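Asks: When you get a sec, could you give me coordinates for this:
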Amino acid sequence: MDLLSIVIDLATFITKFLWLAVVLAAVQAAYRYLKNKFHW
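Replies: Down below sits the predicted model:
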């Protein structure tokens, strides 16, 4: 396994992790917005 493969794998992992963080943040923001709007 050469260095380039390791770097590419790492970049792919980081990208997936960032997407997950963005999705979770969006869900949390939407939940807060709905909670404030409808007063659950």
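Asks: what is the rounded mean pLDDT of the helix or strand containing residue 18?
Replies: Residue 18 is part of helix 3-38, with elements assigned from DSSP states H and E. Averaged across helix 3-38, pLDDT comes to 97.
Asks: burial of residue 18, as a residue count?
Replies: 10 (other CB atoms under 10 Å). All C-beta atoms are positioned from the backbone trio N, CA, C, and that covers glycine.
Asks: should've said residue 38
Replies: 7.
Asks: Against residue 24, how distant is it?
Replies: Note on residue 38: its distance to residue 24, by CB to CB, to the nearest Å, is 22 Å.
Asks: cool, residue 34 as well?
Replies: 16 Å.
Asks: can you check residue 36 too?
Replies: From residue 36 to residue 24 the distance is 19 Å (CB to CB).
Asks: Report the distance from the helix holding residue 18 to the chain centre.
Replies: Here helix 3-38 is found 0 Å from its chain centre; the criterion is CA atoms, centre = their mean, to the nearest Å.
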